[in-house]
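Enquirer: starting from these lines, generate the structure:
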Amino acid sequence: GAPDPATVARLMTEHREMLADAAAATEAGQYAHAVDTATEAWSRLQDAYMLAHQPRDAEFRAWWEHSGTGAFDTWEESMQNLAENGFNAVVPNMLWGGVALYESEYLPHHPVVAERGDQIAECVEAAKRHGIEVHVWKVNWRMGSRAPEEFVRRMSEEGRLQRSFAGEETEWLCPSDPRNLELELNTMVEVARNYDVDGVHFDYIRYPGQDGCYCEGCHERFERDTGITVEDWPADLRTDELRDAWTQWRCDQISALVEATAREVRAIKPHVKISAAVFRNYPETRASIGQDWLHWIEQGWLDFVCPMNYTNFDGTFATTVARQIGQISGRVPLYPGIGASASSSTLSADRVAGQAQ
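Expert: Okay, the predicted model is just below:
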């Protein structure tokens, strides 16, 4: 059933012949030749394995594209490369909490805008020529290393950055601050309004971890919203009496952005899809990072979800996906993220094929 069975058969024959050659070289004490030949034999086996798979219809074959400028000198070259290799979507990282790679009305512009022009405009134009969907990816809340120092300093002076449990400031916007919610919302919506994109994509739609945010603004807003007085802030939040209320309140702050974005984007362009890259281990994500992504799906705020299921082990991947399918219960498509180039993974090409299968 493979598209090219003759090539698969040839590669398998070469694999077996090379293994026999390597074994003979080992017997003869020609160890360098044995190692080189066995390595080539393994490469043939990997190629045969990948070519033995059948392509499937209606797959969402996408890349998370980190630079926001494509993998080549121009977006035209990047889109041509994706199309030639069977991909039908790209998720380019065009904005963070403190910088934009396009003509944003709300965020500072990255220097690439002056050097190469509006990257969303260039990306979308090239994508249309090659039949590639564009789902613009935002890193939410996190300033990012490319945010101008002046902008970060202003956010700090205005008291809009997160503080850790120990009171240390971090370069993440505080999600409970109404000014930050408005900024995040406006940037997501302007992408949908101003560009012919297929979707907008949340990432870092969470807190950094259990250590954020414990600023005085959160103190005031938590007490106001819950009616709970916290005598010893923030220590009391980790007691049995307040832990659940604090977990839910943090989830609510993150969920507010997802709900508002879905509502406003769909009001202006109903066809634009709302999606999110999320941590895989729901429901633990609620307490750890304030990310209640199954709730977003249940409320109809997401059109599809991309859990970051990065692992080198196919069994772990399959088990994780099966659990997520059960949790989602068919409400939206599940497009699992495969860690082909994630910093925590050394996933080989044949394992990418295996996990897709």
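Enquirer: now A277, what's its secondary structure?
Expert: For A277, the assignment made with DSSP: H, G, I helix; E, B strand; the rest coil gives strand.
Enquirer: is it true that it touches F304?
Expert: No: applying CB atoms under 8 Å as the test, A277 and F304 come out as separate, 10.8 Å apart. Where C-beta positions appear, they are placed from N, C-alpha and C, glycine not excepted.
Enquirer: where does pLDDT dip in the chain?
Expert: 342-345 (pLDDT under 70).
Enquirer: try it again at 50.
Expert: Within the chain, no stretch falls below the threshold (pLDDT under 50).
Enquirer: show me where this protein has helices.
Expert: In the chain, the helices defined using DSSP state H lie at 5-27, 31-51, 75-84, 111-116, 119-130, 149-157, 178-194, 216-226, 243-268, 284-289, 293-298, 314-328, 349-356.
Enquirer: residues contacting Y335?
Expert: Applying CB atoms under 8 Å, 6 or more residues apart in numbering to Y335 gives the contacts 60, 62, 275, 304-306.
Enquirer: neighbour-wise, which one of those residues leads?
Expert: V305 (26 neighbours; other CB atoms under 10 Å).
Enquirer: could you pull up the residues touching the residue nearest to C123 when sequence neighbours are not counted?
Expert: Nearest residue to C123 in three dimensions, chain neighbours excluded: W75, at 4.8 Å (CB to CB, 6 or more residues apart in numbering). By CB under 8 Å, 6+ apart, the contact list for W75 reads 69, 119, 122-123, 125-127.
Enquirer: ok, W75 to G86 distance?
Expert: For W75, the distance to G86 (CB to CB, to the nearest Å) stands at 18 Å.
Enquirer: same question for A71.
Expert: For A71, the distance to G86 (CB to CB) stands at 16 Å.
Enquirer: quickly list what the residue sitting nearest the centre point of the chain is bridged to.
Expert: Central residue check for the chain by CA atoms, centre = their mean: the C-alpha nearest the mean position is that of A277, 4.0 Å away. In this entry, A277 is beta-bridged to C306, by DSSP bridges.
Enquirer: what separates it from V352, distance-wise?
Expert: Taking CB to CB, one finds A277 at 17 Å from V352.
Enquirer: go on, Q46?
Expert: Taken as CB to CB, the span from Q46 to V352 is 11 Å.
Enquirer: same check on G227?
Expert: 50 Å.
Enquirer: what about E284, neighbour count?
Expert: A count of nearby residues for E284, using other CB under 10 Å, gives 11.
Enquirer: which residues touch it?
Expert: Residues near E284 by CB under 8 Å, 6+ apart: none.
Enquirer: picking that back up, ok, the residue nearest to the centre of the chain - contacts?
Expert: For A277, the contacting residues are 64, 137, 201-203, 205, 306-308, 337, by CB under 8 Å, 6+ apart.
Enquirer: ok, now T247?
Expert: 286-287, 290.
Enquirer: closest to M50 out of those residues?
Expert: Here the nearest of the contacts of T247 to M50, counting by CB to CB, is R286; it sits at 37.8 Å.
Enquirer: skipping adjacent residues, who's closest to L11 in space?
Expert: Once flanking residues are discounted, L11 sits nearest to A48: 3.9 Å by CB to CB, 6+ apart.
Enquirer: for N281, the count of nearby residues, please.
Expert: N281 has 15 neighbours, counted by other CB under 10 Å.
Enquirer: with R331 as the reference, measure out to it.
Expert: Separation of N281 from R331 (CB to CB): 19 Å.
Enquirer: coming back round to it: need the contacts of W75 in a markdown table (columns: neighbour count and distance to G212).
Expert: Listed next are these as a markdown table, based on neighbours: other CB atoms under 10 Å; distance: CB to CB, whole Å:
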| residue | neighbour count | distance to G212 |
| --- | --- | --- |
| T69 | 22 | 30 |
| Q119 | 25 | 30 |
| E122 | 20 | 35 |
| C123 | 28 | 32 |
| E125 | 16 | 38 |
| A126 | 22 | 38 |
| A127 | 24 | 35 |
